[in-house]
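1. model the structure of this input:
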Amino acid sequence: RKFRLRSRVGCHQCKRRKIKCDEQAPACQQCVKHRIPCSFTVEVGEPTNSTTREPGNGSSTTPAQLINLELIHHFATSTCLADNAMSPRMKCWQTAVIKQGFKHDYLLHSILTVSAFHIASLKRKGADRVDWCFDEQAYLNAAYDHYDLALPSFRQNLQSLNDQNCHALVACSILIFVASSARQAGVVQSSFASTHSFSSLDHDKGYTRMLEWISLIRGVATLVYPYSATVKSGSLGDLIRLDPMALEDEDLASPSIPKHLDELINFLSNGGSGNTRSEVLSACRVALVLLQRLYARLGRTKDRATGFLWAVLMEEGFVGLLREKVAEAQIVLAYFCVLLLQANGEWWVSGLPAYIIGIVARNLMPGWDRWLRWPLECAGLAKK
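-> The predicted structure is shown next:
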């Protein structure tokens, strides 16, 4: 793509921050002031012959080039390590995925997106390092810019999905899910986490956001599943290692399954609240049994990715109940979020399970206090 100076509309960074841009090239004064890469210098991710120099350091690297180099280094040396430093999957992200990224622009942009969100999350938590070159907002800007560049190309290439490009597209779909989750987690941490009270939540907006998140998980699975055998046989095979069919072998008597799930199943088997439709009771029981098997697997394998399988494998009818805001389905969703809390460790979902539990409580309290007490306690939201 050729470099274009969009001087009539202001730079991407000023538009995103909703401030006036002076439209000066190679970098507007707002971006210079805040030490963030300006899209007038270069479209994010694109090489350029123009240079910027700081007095005395002899650098010929633009801010956009510098932050991209930093992001690819951070992804390989830090972001990947969050997935267990010794696991084959980590090594796959660290080497094979990055190599694929150099061949497919949408994958490279998604790698840089996740890396930028990771640094921003670390800085938000106070893990500031002197060797990071920019402030938190600069990394968020870079994440949004790379995300905006990754999505159109990703969608275009999906139209010609085949055995040759499925490896890169599957990896990209996973990273887009991670990036979208990280973006939501950032919103949660900057609002809900500060008060840690569900009574002030915008439950309508929050519930819609939750449904979109679940749809995204299921969308990734829809893409991955038909090509899972092909991807498993290639250089990115370690990215796909969970076998949903093996769930049938999990022990429903496992001590890892909380007693609260049995109590809720018994409640539903006895008719629930008394005026609940039979198809609702049946769908919720099926979703709970699936959840029991996943609790058993998590206890046996300690694999943090286990939690997300429930959102992937739940029946479409149950998803429909969530869209209808059926109370019993929302309770099951809250119990699923406890599973995510137990499997927590993924920086990109930090705060989201507690947030969803809070949304459900905001929707259903006080009528369903008995069944919400356990998830609220697990999320640290129970009233003292």
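2. so, low pLDDT: which residues of the stretch 201-350 of the chain?
-> 201-203, 241-245, 344-345 (pLDDT under 70).
3. distance of Glu70 relative to Ala142?
-> Note on Glu70: its distance to Ala142, by C-beta to C-beta, to the nearest Å, is 9 Å. Using the backbone N, CA and C atoms, a C-beta is placed for each residue, glycine as well.
4. contact partners for the residue most central in space within the chain?
-> Closest residue to the average C-alpha location of the chain: Ser181 at 2.2 Å, with C-alpha atoms, centre = their mean. Neighbouring residues of Ser181 by C-beta atoms under 8 Å, 6 or more residues apart in numbering: 213, 348-349, 352.
5. which pLDDT does the model give Ala25?
-> What the model reports as pLDDT for Ala25 is 68.
6. related to what we said a few turns ago, in helices, which of the contacts of Ser181 fall?
-> Among these, the ones falling in helices (DSSP state H) are 213, 352.
7. taking the contacts of Ser181 together, which two end up most distant?
-> Of all pairs drawn from the contacts of Ser181, the widest gap by C-beta to C-beta lies between Trp213 and Trp348 and measures 11.5 Å.
8. hmm, back to that, the residue nearest to the centre of the chain in helix, strand or coil?
-> helix (DSSP: H, G, I helix; E, B strand; the rest coil).
9. coming back round to it: so if I had to pick from Glu70 and Ala142, which one is more boxed in?
-> Neighbours per residue, other C-beta atoms under 10 Å: of Glu70 and Ala142, the larger number sits with Ala142, 29 against 20.
10. for that one, which non-adjacent residue is spatially closest?
-> Ala116 (4.4 Å; C-beta to C-beta, 6 or more residues apart in numbering).
11. so that neighbour is in which element?
-> helix 105-124 (DSSP states H and E).
12. how about the CA coordinates for that helix, as PDB?
-> Extracted in PDB, the C-alpha atoms of helix 105-124 (Å, rounded to 0.1, in the frame of the first residue of the first chain):
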ATOM      1  CA  ASP A 105      -0.300  -9.000   6.600                       C
ATOM      2  CA  TYR A 106      -3.500  -9.700   8.600                       C
ATOM      3  CA  LEU A 107      -1.700 -12.100  10.900                       C
ATOM      4  CA  LEU A 108       1.200  -9.700  11.500                       C
ATOM      5  CA  HIS A 109      -1.200  -6.900  12.300                       C
ATOM      6  CA  SER A 110      -3.100  -9.100  14.700                       C
ATOM      7  CA  ILE A 111       0.100 -10.100  16.400                       C
ATOM      8  CA  LEU A 112       1.100  -6.500  16.900                       C
ATOM      9  CA  THR A 113      -2.500  -5.700  18.100                       C
ATOM     10  CA  VAL A 114      -2.300  -8.300  20.900                       C
ATOM     11  CA  SER A 115       1.200  -7.300  21.900                       C
ATOM     12  CA  ALA A 116       0.200  -3.600  22.200                       C
ATOM     13  CA  PHE A 117      -2.800  -4.500  24.300                       C
ATOM     14  CA  HIS A 118      -0.600  -6.700  26.500                       C
ATOM     15  CA  ILE A 119       1.900  -3.800  27.200                       C
ATOM     16  CA  ALA A 120      -1.000  -1.400  27.800                       C
ATOM     17  CA  SER A 121      -2.500  -3.900  30.400                       C
ATOM     18  CA  LEU A 122       0.800  -4.200  32.100                       C
ATOM     19  CA  LYS A 123       1.300  -0.400  32.300                       C
ATOM     20  CA  ARG A 124      -2.300  -0.100  33.600                       C
END
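13. hey, where'd the helices end up in the stretch 201-350 of the chain?
-> 203-224, 228-232, 259-269, 278-301, 309-313, 316-323, 327-342 (DSSP state H, counting those that start in this stretch).
14. let me know the helix or strand that Arg16 is in.
-> Short version, using DSSP H and E: Arg16 is in helix 12-17.
15. so where's the stretch 51-200 of the chain shaky on pLDDT?
-> Using pLDDT under 70, the flagged stretches of the stretch 51-200 of the chain are 51-61, 82-87, 127-130, 188-200.
16. and the strands in it?
-> Per DSSP state E, counting those that start in this stretch, the stretch 51-200 of the chain carries no strands over any range.
17. all helices for it, in order.
-> Using DSSP H, counting those that start in this stretch, helices in the stretch 51-200 of the chain cover 63-74, 88-91, 98-101, 105-124, 136-158, 166-190, 192-195.
18. name the stretch among the ones you listed that sits most buried.
-> helix 105-124 (a mean of 25; mean count of other C-beta atoms under 10 Å).
19. so which elements touch that one?
-> helix 63-74, helix 98-101, helix 136-158, helix 166-190 (3 or more C-beta pairs under 8 Å, 6 or more residues apart in numbering; DSSP states H and E).
20. distance to Ala253 added to these, as a markdown table?
-> Output for the helices and strands packed on helix 105-124, formatted as a markdown table (distance: least, C-beta to C-beta, whole Å):
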| stretch | distance to Ala253 |
| --- | --- |
| helix 63-74 | 44 |
| helix 98-101 | 43 |
| helix 136-158 | 43 |
| helix 166-190 | 33 |
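21. and Ala283, which of these is closest to it?
-> helix 166-190 (24.8 Å).
22. now that closest one against helix 203-224, angle please.
-> 160 degrees (axes from the mean of the first three to the mean of the last three C-alpha atoms, to 10 degrees).
23. helix 166-190 vs helix 105-124, what angle?
-> Interaxial angle of helix 166-190 relative to helix 105-124 (the same axes, to 10 degrees): 30 degrees.
24. circling back to that earlier point, which one of the contacts of Ser181 is nearest Gly274?
-> Nearest to Gly274, judged by C-beta to C-beta, of the contacts of Ser181 is Trp213 at 32.1 Å.
25. fine by me, we can end here.
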